[in-house]
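# below is the sequence, then the predicted model.
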Amino acid sequence: MYHPILPALVLALPLAGAIINGVGAFLWREDHRVARWVGPLAVGASFVVVAINFFAMKASGTTAASVVSLWTWIAAGGLHVGVDLQFDRLSMVMMLIVTGVSTLIHVYSIGYMRGDPGFNRFFAYLNLFVFFMLVLVTAASFPLMFVGWEGVGLCSYLLIGFWYENEAYSNAGKKAFIVNRIGDFGFLVAMFIIFGIFGSLDFSQVLPAATGHLRYGDVWATLITLFLFLACMGKSAQIPLYVWLPDAMAGPTPVSALIHAATMVTAGVYLVARTSVLFALAPISQAVVATVGAGTALFAATIATQQWDIKKVLAYSTISQLGYMFLAVGVGAFTAGIFHLMTHAFFKALLFLGAGAVIHSVEHAWHEAGRHGGDPNDMRNHGDLRRWMPVTWITMWSATLAISGVFPFAGFFSKDEVIWKSGVLGYPLLWGVALVAAFLTAGYMARLMALTFHGGENRTGEEARGHLHGAPLAMAVPLVVLGVLSLVGGWIQIPEALPLPHVSALEGWLDPVFEPAHHVMAMHGGAAATAAPLGGGELTWGLISTVVALAVVVWIFLAVVRRRYRPAAESPEPTGLSLVLYRKWYVDELYDRLIVRPLMALWRGCWKIVDDGLIDGTVNGLASGARAVGWVGSQLQSGRLGAYVLLFMVGVLVILGTVAF
């Protein structure tokens, strides 16, 4: 039996780092030395504790979950919720990804945020973000997971709007916070239904009893899982609640890397995987998850093809790749979904950190050249940067080939498994959509690399070129580590169909977690097919996908580098379909017209009619009446005896007249 080693330290270390750096933001605001050490070390030490527990669990060979109870949180009637941490094979994988990638991002942030007046505050938020994500993935109950769920939402608001003096950045943080509240409603409703059926909210009570309390395909299983997926659509930016994620680029680039790669947006995929047996009992919900995932993957990929902002390209790429993860867990390939989540954490963190290094270099060069204005994020203002940034260039190519699905990089193995499983598990249309989205991914990433690092002509400006520089050591080391992981990170799961040594380390590790869900699906869905919808085995389509992906990369790359681009300020506006894609299919404008403006008009009407007219009018009317009564009374208090006698006589006559008649 496995017993966790120092389990509380996994959470306590990032929380302690957040507290120390938070105090430092007030007491030693100008001194950044403490945050520079405490921030990365707190998360790095947590990673070490997680790694120790991982190897201890592996050595024990246990497949059962170990629950560590810290204290009782809620005890009311039949509801008992403790602050309980669950250490099992799924949570262990997630903890390794979260703490490992986050440590590299913290180290990178030392160089990227150097000199920023909010340095201490930034690391306090960053440590707090990791703490809440660890709460989310180690929670042994739905309510405690919801605490982590809301915590990462809070931290995303704080970090996206980190430079809150800029109104646009502040609004982006608010947009992320508000959109996610829609999904959180779904999480709450799902918990209410689960407690009503099971009488508990602990995973150890609910999930093993699912097949006994719910029938396959019944309305309650469908409702629970659809409400849970509503929460996932908000947190993991799926159609139609994806609109907050591109705006999240307003935060510092390390924040983008943390949100997009290892923490917040992966929470929805983890929630579906954690409750896999519930989704296996709800085939309608599984179909919805898979369809929304595939549709999001294709939709976001089309938008990424025509964006000029390097971070916006990567943002829509994240939305698209999250779609692949939901496609996988939706068709029941839960291990494939977690596998792609893991490899995506490597190459997407690298892509964002590499983009940050580019932006950092261009901004510094413009500042030194005395240039003001212009957008350092716009790829039309880059060009041929490989001469100044060789480490960033090489490592970003590693990530580009990985996300494009080119063999032998990590993304080939995980994305190929997702696409293959969607085809052989009975979703031929979604299989085709996933293939198209994969080829679009290769195209927009080749475009990004060609515009930024190639072309033979640098567009940063003649005076600025002399000030361009490569990433400093603190930023370069994480890039190199992630570059290696983008290459070899997928080798832990090599399909038997490929003419390579068969490796199933991740599948063998996670199979016990997903066995109940697989059992339910096997009972009602039969065995998986062995051929793709158009015929052929996994080897055939693996070869086709990697050859086509590589061909698309080469084709788009050559097409872009041969074209002469002008800086953004001198470039013409896009037209036709390019304009539609550049404007993101006008979804934001549609939401603004159909939702934001009517709601604003409603609130404005409530303000004018109810608040200003009815409430304020009533209160102000009473005040005016009281003043009028007071004025009349003041007129009676003249101090003249004759007037008092006259009023007295009039009053007497009125009374006598009333009595007499």
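Received, thanks. Owing to the predicted nature of the structure, the values given are computational and were not obtained by experimental measurement.
# what is the end-to-end distance of stretch 213-220?
10 Å (CA to CA, to the nearest Å).
# name the element residue 37 belongs to?
helix 33-60 (DSSP states H and E).
# can you pull out the helices in the stretch 401-550 of the chain?
Remark: helices assigned in the stretch 401-550 of the chain by DSSP state H, counting those that start in this stretch are 410-424, 428-453, 462-465, 473-488, 505-525, 538-561.
# so which bits of the third one are buried?
Okay, so that is helix 462-465. For helix 462-465, the neighbour count (16 or more other CB atoms under 10 Å) marks residue 464 as buried. The C-beta positions use only the backbone N, C-alpha and C, and glycine is treated the same way.
# what sits up against that helix?
362, 365, 366, 368, 369, 370, 371, 458 (CB atoms under 8 Å, 6 or more residues apart in numbering).
# quick one: stretch 264-284 to chain centroid distance?
Distance of stretch 264-284 from its chain centroid, counting by CA atoms, centre = their mean, to the nearest Å, is 16 Å.
# can you give me the buried ones in the helix holding residue 37?
34-36, 38-40, 42-47, 49-50, 53-54, 56-57.
# the stretch 201-350 of the chain: helices as residue ranges?
Using DSSP H, counting those that start in this stretch, the helices of the stretch 201-350 of the chain run over 203-206, 210-213, 219-235, 244-247, 253-257, 267-274, 276-280, 283-304, 310-330, 334-368.
# what do you get for the stretch 1-150 of the chain?
7-27, 33-60, 89-112, 119-138, 142-160.
# could I get the ones you listed in JSON lines, plus columns for distance to residue 523?
Below are these laid out as JSON lines (distance: least, CB to CB, whole Å):
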{"stretch": "helix 7-27", "distance to residue 523": "35"}
{"stretch": "helix 33-60", "distance to residue 523": "29"}
{"stretch": "helix 89-112", "distance to residue 523": "22"}
{"stretch": "helix 119-138", "distance to residue 523": "29"}
{"stretch": "helix 142-160", "distance to residue 523": "26"}
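# now for those, which one comes closest to residue 481?
Judged by CB to CB, the one of those that comes nearest to residue 481 is helix 89-112, at 5.9 Å.
# between the two ends of stretch 73-87, how far is it?
Terminal-residue distance, stretch 73-87 (CA to CA): 19 Å.
# can you check stretch 61-81 too?
One end of stretch 61-81 to the other measures 29 Å (CA to CA).
# so residue 180 makes contact with residue 155?
No: contact status for residue 180 versus residue 155: not in contact, 11.7 Å apart, counting by CB atoms under 8 Å.
# re the thing from before, any idea which of the helices of the stretch 1-150 of the chain is most buried?
Of all the helices of the stretch 1-150 of the chain, helix 119-138 carries the top mean neighbour count, a mean of 27, counting by mean count of other CB atoms under 10 Å.
# and the angle from it to helix 7-27?
Using axes from the mean of the first three to the mean of the last three CA atoms, to 10 degrees, the direction of helix 119-138 lies 160 degrees away from that of helix 7-27.
# got the angle for helix 119-138 vs helix 33-60?
Relative orientation of helix 119-138 versus helix 33-60 (the same axes, to 10 degrees): 20 degrees.
# which elements pack onto helix 119-138?
Packing partners of helix 119-138 (3 or more CB pairs under 8 Å, 6 or more residues apart in numbering; DSSP states H and E): helix 7-27, helix 33-60, strand 79-87, helix 89-112, helix 142-160, helix 267-274.
# using CSV, write out every CA atom in it.
In CSV, the C-alpha atoms belonging to helix 119-138 read as follows (Å, rounded to 0.1, in the frame of the first residue of the first chain):
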residue,chain,number,x,y,z
PHE,A,119,8.0,42.1,-9.7
ASN,A,120,7.2,40.9,-6.1
ARG,A,121,3.4,41.1,-6.7
PHE,A,122,3.8,39.2,-10.0
PHE,A,123,5.6,36.2,-8.3
ALA,A,124,3.0,36.3,-5.5
TYR,A,125,0.2,35.9,-8.0
LEU,A,126,2.2,33.2,-10.0
ASN,A,127,2.8,31.1,-6.8
LEU,A,128,-0.8,31.5,-5.8
PHE,A,129,-1.9,30.3,-9.3
VAL,A,130,0.2,27.1,-8.9
PHE,A,131,-1.2,26.5,-5.4
PHE,A,132,-4.8,26.7,-6.6
MET,A,133,-4.1,24.5,-9.6
LEU,A,134,-2.6,21.9,-7.3
VAL,A,135,-5.7,22.1,-5.1
LEU,A,136,-7.8,21.4,-8.2
VAL,A,137,-5.9,18.3,-9.3
THR,A,138,-5.4,16.8,-5.8
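# residue 128 contacts residue 18, doesn't it?
Yes: the criterion here is CB under 8 Å, and residue 128 meets it with residue 18 at 4.0 Å.
# got the contact list for the residue nearest to residue 275 when sequence neighbours are not counted?
If the residues on either side of it in the chain are set aside, residue 275 comes closest to residue 228, at 6.3 Å by CB to CB, 6 or more residues apart in numbering. Shown in contact with residue 228 (CB under 8 Å, 6+ apart): 186, 187, 190, 271, 272, 275, 278.
# so where is the stretch 551-661 of the chain shaky, pLDDT-wise?
In the predicted model of the stretch 551-661 of the chain, residues 635-636, 661 satisfy pLDDT under 70.
# most centrally placed residue in the chain?
residue 265 (2.5 Å; CA atoms, centre = their mean).
# my read is that that residue contacts residue 318, right?
Yes: using CB under 8 Å, residue 265 is in contact with residue 318, at 6.5 Å.
# any common contacting residues for these two?
Common contacts of residue 265 and residue 318, defined by CB under 8 Å, 6+ apart, comprise 237, 245.
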